[in-house]
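1. sequence? don't have it. structure:
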RNA sequence: CGGGGCAUAGUGAAACGGCUAUCACGAGUCCUUUGGGAGGAUUUGUUCUGAGUUCGAAUCUCAGUGCCCCGACCA
């Protein structure tokens, strides 16, 4: 992508209506645009990050048998009245009093699978979607960490026994662990014992350590697990020493038991209620959490796995057309090799502006072409977040990148 | 939902109740410039909305709306 073709431009100033770090950096870099409190557009760069995260999530969920669907956002009142959740605060109501906007999908998935899960032979099943959720948040805050409309992966599992649910629940823990590892925040993300289970007393959250977080958790580094403060004051679930940390919830898994199958009459051929679990990952929140974890004074430092592009190619041409044409050529070579590259071909910007924008946008590999590098038939390569500069011969560039990416 | 704050060009800010509402950046056009935010020329406005006070309101008052922050809330 040529930067002159990109819809967005960077800004030097923080927007005055964003105080949280993730929102400031994402807005300045042209990843998101705020339409209202907790309501964001994902711009071309931002959507690429979302798409990368979604791909990781899809791969890991499909490894544990998940089948993807896409349920609607408009929900009939009838479904929600069966569980007594029609009049909750979270639900946005619309003018049509028989419809509401979906803030979660238990009431929809349960009525859906009832048409297809008719006997124990049809079990287990694991159905998920990635979809926009709407929640009437009394206070949207912290940029894309807590929105009124946000992107969520929600997986629902259906079992013939609690034992089968328990086994799958453990598999989801592994899948989630893989997701956070692959998104680069594995080391900062803890499986956390939390309250709020509708069936078993507890649920589990995946909490990423950051000061931008809203939760307090007690972390045990030895066990690599944590306990949410809401569960019981001051202690962890082990006897080890624990640290009190602020964290943001990037995933949550629940054993729902038979609550929803009871409300909808979801039974097997013998009349036994089907046992359910549900598992959520806030995709857009995860993106915000990644920004909160990986940044410096200059901008974002995207992990390779979720970066909008692999390489940021920067041409510092000094107005010389031969330098420009050589970097154009390198750009097309990279494209032919299917290397994802953002090409700063702007010729009305100073070197300083280009380099600062590069730091702000945070693509993992910076590649500079200038009179200085071309003198040696080379380009300069630097990783975002590192000061080490490598000079690579243009002839060897593709081999270098194939090895490095 | 309780408390506090803010609202002025595309963005960020300034302006005692009083002159044509300034400044910087961005963006457009022309020229020069290019290794850490460059220079000149020129263009860029219904001061959030509504009512009120006043000879006169960006400025004061009331109401509304929006946004930010703290708290409550967050299967």
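-> Cool, got the structure. This one's a predicted model, so the numbers in the text were calculated from it and none came from an experiment. Numbers count the residues shown, from 1 in each chain, chains lettered A, B, ... in the order given.

2. Quick check: the gap between residue A:365 and RNA strand B.
-> For residue A:365, the distance to RNA strand B (Cβ to the nearest atom of the strand, to the nearest Å) stands at 13 Å. The C-beta positions use only the backbone N, C-alpha and C, and glycine is treated the same way.

3. which ones are touching the nearest residue to that residue once chain neighbours are set aside?
-> Distances taken as Cβ to Cβ, 6 or more residues apart in numbering place residue A:311 nearest to residue A:365, at 4.8 Å, with adjacent residues excluded. Residues near residue A:311 by Cβ atoms under 8 Å, 6 or more residues apart in numbering: A:334, A:339-342, A:363-367, A:401.

4. switch the cut-off to 7 Å
-> Counting by Cβ atoms under 7 Å, 6 or more residues apart in numbering, residue A:311 touches A:334, A:339-341, A:363, A:365, A:367.

5. With residue A:38 instead?
-> A:137, A:140, A:146-148.

6. now, the most widely separated pair of those residues?
-> Taking Cβ to Cβ, the two most distant members of those are A:146 and A:148; they sit 8.7 Å apart.

7. Mind listing the strands the strand of greatest length in chain A pairs with, and their directions?
-> Counting residues, the longest strand in chain A under DSSP state E turns out to be strand A:243-257. Strand A:243-257 pairs in its sheet with strand A:203-209 (antiparallel), strand A:215-220 (antiparallel), strand A:275-282 (antiparallel), by DSSP bridges.

8. Let me have the ones you listed in a markdown table, adding mean pLDDT, distance to residue A:3 and mean neighbour count as columns.
-> Formatted as a markdown table, the strands paired with strand A:243-257 follow (pLDDT from 0 to 100; distance: least, Cβ to Cβ, whole Å; neighbours: other Cβ atoms under 10 Å):
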| stretch | mean pLDDT | distance to residue A:3 | mean neighbour count |
| --- | --- | --- | --- |
| strand A:203-209 | 96 | 31 | 25 |
| strand A:215-220 | 93 | 38 | 20 |
| strand A:275-282 | 97 | 30 | 25 |
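
9. For residue A:317, find the nearest of these.
-> strand A:203-209 (41.2 Å).

10. give me the low-pLDDT residue ranges for the stretch 201-350 of chain A?
-> Scanning the stretch 201-350 of chain A for pLDDT under 70 picks out A:233-238.

11. try it again with 80
-> A:233-240, A:318 (pLDDT under 80).

12. The stretch 51-200 of chain A now?
-> A:196-200.

13. Flag every residue of it that's near RNA strand B.
-> A:89, A:104, A:137-142, A:146, A:154, A:196-198 (Cβ under 7 Å from any atom of the strand).

14. follow-up on the earlier one: and the next helix or strand after the longest strand of chain A, which residues are buried?
-> Following strand A:243-257 in sequence order, the next helix or strand is helix A:259-264 (DSSP states H and E). For helix A:259-264, the neighbour count (16 or more other Cβ atoms under 10 Å) marks A:259-261, A:263-264 as buried.

15. quick one: which of the contacts of residue A:311 sit in helices?
-> Among these, the members falling in helices (DSSP state H) are residue A:334.

16. Which residue ranges of the stretch 101-250 of chain A form helices?
-> When secondary structure is read from DSSP state H, counting those that start in this stretch, the stretch 101-250 of chain A shows helices at A:106-113, A:162-182.

17. Out of those, which gets nearest to residue A:10?
-> Nearest of the helices of the stretch 101-250 of chain A (Cβ to Cβ): helix A:162-182, 27.7 Å.

18. can you list the domains in chain A?
-> A:21-296, A:309-404 (automatic domain parsing).

19. Rebuild these as a markdown table, extending it with distance to residue A:7.
-> Below are the domains of chain A laid out as a markdown table (distance: least, Cβ to Cβ, whole Å):
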| stretch | distance to residue A:7 |
| --- | --- |
| domain A:21-296 | 6 |
| domain A:309-404 | 13 |
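
20. Single out the most deeply packed of those domains.
-> domain A:21-296 (a mean of 19; mean count of other Cβ atoms under 10 Å).

21. Return the distance of it from the chain's centre.
-> 11 Å (Cα atoms, centre = their mean, to the nearest Å).

22. what's the span of it from first residue to last?
-> Start-to-end span of domain A:21-296 (Cα to Cα, to the nearest Å) is 10 Å.

23. that older thread, does any part of the longest strand of chain A sit near RNA strand B?
-> Yes. Counting by Cβ under 7 Å from any atom of the strand, RNA strand B has neighbours in strand A:243-257: A:252, A:254, A:256.

24. surely the first one meets residue A:202?
-> Which is residue A:252. No. With contact defined as Cβ atoms under 7 Å, residue A:252 does not reach residue A:202; the gap is 11.4 Å.

25. list the contacts for residue A:43?
-> Taking Cβ under 7 Å, 6+ apart, one finds A:7-8, A:30-33 in contact with residue A:43.

26. For the residues you listed, work out which two are farthest apart.
-> A:7 and A:32 (12.5 Å).

27. gap between the nearest residue to residue A:317 once chain neighbours are set aside and RNA strand B?
-> Nearest residue to residue A:317, sequence neighbours excluded (Cβ to Cβ, 6+ apart): residue A:323, at 4.0 Å. The spacing between residue A:323 and RNA strand B, counted by Cβ to the nearest atom of the strand, is 9 Å.

28. packing partners for the helix or strand containing residue A:323?
-> Per DSSP H and E: residue A:323 is located in helix A:321-336. Packing partners of helix A:321-336 (3 or more Cβ pairs under 7 Å, 6 or more residues apart in numbering; DSSP states H and E): strand A:311-316, strand A:341-344, strand A:365-370, helix A:371-374.

29. Also compute the angle for the first one relative to helix A:321-336, please.
-> An angle of 170 degrees separates the directions of strand A:311-316 and helix A:321-336 when computed by axes from the mean of the first three to the mean of the last three Cα atoms, to 10 degrees.

30. now strand A:311-316: how far from the chain's centre is it?
-> Distance, centroid of strand A:311-316 to centroid of chain: 27 Å (Cα atoms, centre = their mean).

31. Repeat that for the third one.
-> Offset of strand A:365-370 from its chain centre (Cα atoms, centre = their mean): 28 Å.

32. And the residues of strand A:243-257 next to RNA strand B, which is closest to residue A:164?
-> For the residues of strand A:243-257 next to RNA strand B, the nearest to residue A:164 is residue A:256 (13.5 Å; Cβ to Cβ).
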